[in-house]
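1. have a look at this prediction, sequence included:
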Amino acid sequence: MAQQDFLVDLSTIDFSRPMATLEEIRKFNPQRFEMEQLTAVVHVDETSYLSVGYKDTSVDDFWVRGHFPALAIMPGVVMLESIAQLCSFVTQKYDLLGSEIVGFGGLEEVRFRDPVFPGDRFLVMCKLEKVRRGRMIVCTFQGAVNDRLCIEGTLKGVPIPVSALQEYQKTRGAKA
């Protein structure tokens, strides 16, 4: 796939000057430790909310040892988590949904096209298609390594009712 088929012309993006490093991402996304699947955000168009970020993978990533032992490839669910974290960052930074946390609401037409290996820089691109404040966001997305499309589809994000879920946990005796 040629770069002109991507959501963003990647040759116009300066990857050496992130607009948000991990420290800035943490201000908006709650994931920590091995669940942090976004290294940096390098572009957000504040008009269309078209965004670009990346996850630098390494042989030390939690999934490498077991997926698969003789041929480590990034699991699809981890690719999707990277994409979700970029969508969440943009949604929260610009207060598009009006919620404390954004969670998965659904995925549509997801296609896995090419593998991501340890050591790859996994580029994620998301374009906001629809916002229903307080209800849902809808984003088209792509993930790539260099000029190879690895994944594409549509993601829906929904507000997470944090206090209600915490109360529910208490009634069940669950520990946070």
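-> Everything's here; your move. Residues are numbered from 1 along each chain as shown.
2. just want the most central residue of the chain.
-> residue 83 (2.3 Å; C-alpha atoms, centre = their mean).
3. name the residues that touch the helix or strand hosting that residue?
-> For residue 83, the host element (DSSP states H and E) is helix 76-93. Contacting residues not belonging to helix 76-93 are listed as 20, 25, 28-29, 31, 35-38, 41, 44, 49, 51, 53, 55, 63, 96-97, 101-102, 104, 107, 110, 112, 116, 122, 124, 126, 128, 137, 139, 141, 143, 150-151, 155, 157 [C-beta atoms under 8 Å, 6 or more residues apart in numbering]. (Each C-beta comes from the backbone N, C-alpha and C, glycine too.)
4. which members of the residues you listed occur in helices, if any?
-> Among the contacts of helix 76-93, the ones falling in helices (DSSP state H) are residue 25.
5. buried subset of the contacts of helix 76-93?
-> 20, 25, 28-29, 36-38, 41, 44, 49, 51, 53, 55, 63, 96-97, 101-102, 116, 122, 124, 126, 128, 137, 139, 141, 143, 150-151, 155, 157 (16 or more other C-beta atoms under 10 Å).
6. dump the residue contacts of residue 41.
-> 18-20, 24-25, 51-53, 86, 89-90.
7. how about residue 25?
-> So residue 25 contacts 36, 38, 40-41, 85, 89 (C-beta under 8 Å, 6+ apart).
8. between which two of these is the distance greatest?
-> Greatest spacing in the contacts of residue 25, by C-beta to C-beta: 36 and 41 (12.8 Å).
9. just the strands in the chain please.
-> In the chain, the strands defined using DSSP state E lie at 40-44, 50-56, 101-112, 121-132, 136-145, 148-160.
10. got JSON lines for the ones you listed, with mean pLDDT too?
-> Converted to JSON lines, the strands of the chain look like this (pLDDT from 0 to 100):
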{"stretch": "strand 40-44", "mean pLDDT": "98"}
{"stretch": "strand 50-56", "mean pLDDT": "98"}
{"stretch": "strand 101-112", "mean pLDDT": "96"}
{"stretch": "strand 121-132", "mean pLDDT": "97"}
{"stretch": "strand 136-145", "mean pLDDT": "98"}
{"stretch": "strand 148-160", "mean pLDDT": "97"}
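11. export these to CSV and append columns for distance to residue 14.
-> Output for those, formatted as CSV (distance: least, C-beta to C-beta, whole Å):
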stretch, distance to residue 14
strand 40-44, 7
strand 50-56, 10
strand 101-112, 27
strand 121-132, 13
strand 136-145, 17
strand 148-160, 21
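12. residue 171 is nearest to which of those?
-> Ranking these by proximity to residue 171 (C-beta to C-beta) places strand 148-160 first, at 17.7 Å.
13. please consider this matter closed, and thank you.
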